[in-house]
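this one's structure only:
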């Protein structure tokens, strides 16, 4: 029964992500989540203490679903030693994140909602900082070319590249975006 | 009378920007704009054909208000010749954009709304591309160090730096953000 509840909760949080991406933070109501998840009205309100709880769990779930799978982690830990394979792994990262379109758009909605909700802001701040620190630590431990500043600047550039692709996809062509990932690695990874 | 109408329209569009930043795209109604602008209910609906018209004019107005003033343009055209003064002008740029907090947050709301509204997406795409092209052209004509790729990568990195500062200001400290601007210029401006 506990397991079934966990699955139901995850399905509701996934539904919340879809609602956030499609309707915006303001459109995220328990009722909209019930409808999206195709469950009886009143279900979501049994699973979440309040709207802040739902928003917080949605952000955690996006990060969970954005984590690389084990094969990608192994590849990054063992196969990436030079600039070319580093660029390849960065293409993989950008493609993976941008292919979870609704998740990334939901995160942008949550960031904007965080300007209005101090509790959500605290949760997201901790999450983003932990994620950035983990990326830096992973990079430094791997012996890859580049330093902490490399990781931080790639984080900045690739996040906006994904914003551009997901919100205004015709500003840069696919070829231009591809070239910018290569150029970013090339210039930001100092010897 | 025409002039008074123009002033009234600008005041309504400015009010729309504040509503967008505070309430999100979904909260932007003619009535909310009337309230924000402290004008009689029904005023905004006399000035804009529909909600798309209001959203489009809000995006144009944010870009208009984000334009550097003449003294900054002159400084950039005459005083920026080396890497240090280039970095200084980039700090000025990032500070100017991020100090119009509600305008930048409104643009993010408009980008998310553009995923739902093809007409708004077309207007914003044209605007962002024109802005990016103008920055590249200005850069190349100035004889500054760096190339088109420099300008594009700085555009990416600085936009997300501003998103970070305005949505989750405690992820990076002011000193860290300052250092990242310097490092971005240093690494992306190739000799």
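That came through fine. Quantities reported herein were computed from a predicted structural model and do not represent experimental measurements.

where in chain A is the helix or strand with the lowest mean pLDDT?
helix A:70-78 (a mean of 74; mean pLDDT, DSSP states H and E).

name the single longest helix found in chain A.
Ranked by number of residues, the top helix in chain A under DSSP state H is helix A:118-142.

can you tell if it touches chain B?
Yes: Helix A:118-142 reaches chain B (Cβ under 8 Å from any Cβ of the partner chain) through A:121, A:124-125, A:128-129, A:132. Where you see a C-beta, it was placed from the backbone N, CA and C, and this is true even at glycine.

among those, the buried ones, what's the ChimeraX command?
For the buried members of the residues of helix A:118-142 next to chain B, the matching ChimeraX selection, counting by 16 or more other Cβ atoms under 10 Å in any protein chain shown, is:
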select /A:121,124,125,128,132
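
what about the strand or helix carrying residue A:9, average pLDDT?
Using DSSP states H and E, residue A:9 sits within helix A:2-23. Averaged across helix A:2-23, pLDDT comes to 92.

sorry, back to before: can you spell out which helices and strands pack onto the longest helix of chain A?
Packing contacts for helix A:118-142, counted by 3 or more Cβ pairs under 8 Å, 6 or more residues apart in numbering or on different chains; DSSP states H and E, involve helix A:51-66, helix A:70-78, helix A:101-114, helix A:148-167.

switch to 7 Å and redo it
helix A:51-66, helix A:101-114, helix A:148-167 (3 or more Cβ pairs under 7 Å, 6 or more residues apart in numbering or on different chains; DSSP states H and E).

tabulate these (JSON lines), appending mean pLDDT, mean neighbour count and distance to residue B:157.
What follows is those, written out as JSON lines (pLDDT from 0 to 100; neighbours: other Cβ atoms under 10 Å in any protein chain shown; distance: least, Cβ to Cβ, whole Å):
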{"stretch": "helix A:51-66", "mean pLDDT": "94", "mean neighbour count": "19", "distance to residue B:157": "21"}
{"stretch": "helix A:101-114", "mean pLDDT": "97", "mean neighbour count": "23", "distance to residue B:157": "17"}
{"stretch": "helix A:148-167", "mean pLDDT": "97", "mean neighbour count": "22", "distance to residue B:157": "4"}
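
between those helices, which one is closest to residue B:30.
Ranking these by proximity to residue B:30 (Cβ to Cβ) places helix A:101-114 first, at 21.7 Å.

contacts for the closest one, please.
A:17-18, A:20-21, A:24-25, A:55, A:58-59, A:62, A:65-66, A:97-98, A:120-121, A:124, A:162, A:166, B:24, B:105, B:108-109, B:112, B:115, B:167-168 (Cβ atoms under 7 Å, 6 or more residues apart in numbering or on different chains).

next: stretch A:163-183.
When contacts are defined by Cβ under 7 Å, 6+ apart, stretch A:163-183 is touched by residues A:87, A:90-91, A:94, A:98, A:101, A:104-105, A:161, B:111-112, B:114-115, B:121, B:124-125, B:128-129, B:149, B:152-153, B:156.

quick check: closest non-adjacent residue to residue A:56.
Excluding the flanking residues, the one nearest residue A:56 by Cβ to Cβ, 6 or more residues apart in numbering or on different chains is residue A:123, at 5.1 Å.

residues near the one you found, how many?
Residue A:123: 19 surrounding residues under other Cβ atoms under 10 Å in any protein chain shown.

re earlier: in the longest helix of chain A, what's buried?
A:120-121, A:123-125, A:127-128, A:132, A:135-136, A:139.

for stretch A:74-88, same thing?
Buried residues in stretch A:74-88, counted by 16+ other Cβ under 10 Å: A:75-76, A:80, A:83, A:86-88.

identify the farthest-apart pair in those residues.
A:75 and A:83 (16.0 Å).

so how many other residues sit close to residue A:35?
By the criterion of other Cβ under 10 Å, residue A:35 has 14 neighbours.

before we move on, which element is it in?
Per DSSP H and E, residue A:35 falls inside helix A:30-37.

and that helix, what other elements does it pack with?
Against helix A:30-37 (3+ Cβ pairs under 7 Å, 6+ apart) you get helix A:2-23, helix A:43-47.

in CSV: the ones you listed, plus mean neighbour count and distance to chain B.
Output for these, formatted as CSV (neighbours: other Cβ atoms under 10 Å in any protein chain shown; distance: least, Cβ to the nearest Cβ, whole Å):
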stretch, mean neighbour count, distance to chain B
helix A:2-23, 18, 7
helix A:43-47, 18, 19
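
need those in a markdown table (columns: distance to residue A:189).
Below are those laid out as a markdown table (distance: least, Cβ to Cβ, whole Å):
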| stretch | distance to residue A:189 |
| --- | --- |
| helix A:2-23 | 33 |
| helix A:43-47 | 45 |
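
which one of these lies closest to residue B:13?
Within the helices and strands packed on helix A:30-37, the stretch nearest residue B:13 is helix A:2-23; the backing value is 24.7 Å (Cβ to Cβ).

elements contacting the closest one?
On the basis of 3+ Cβ pairs under 7 Å, 6+ apart, helix A:2-23 makes packing contacts with helix A:30-37, helix A:43-47, helix A:51-66, helix A:101-114.

so the closest residue to residue A:150 other than its chain neighbours versus residue A:132, what's the distance?
Closest residue to residue A:150 apart from its sequence neighbours, by Cβ to Cβ, 6+ apart: residue A:188 at 4.9 Å. Using Cβ to Cβ, to the nearest Å, residue A:188 is found at 15 Å from residue A:132.
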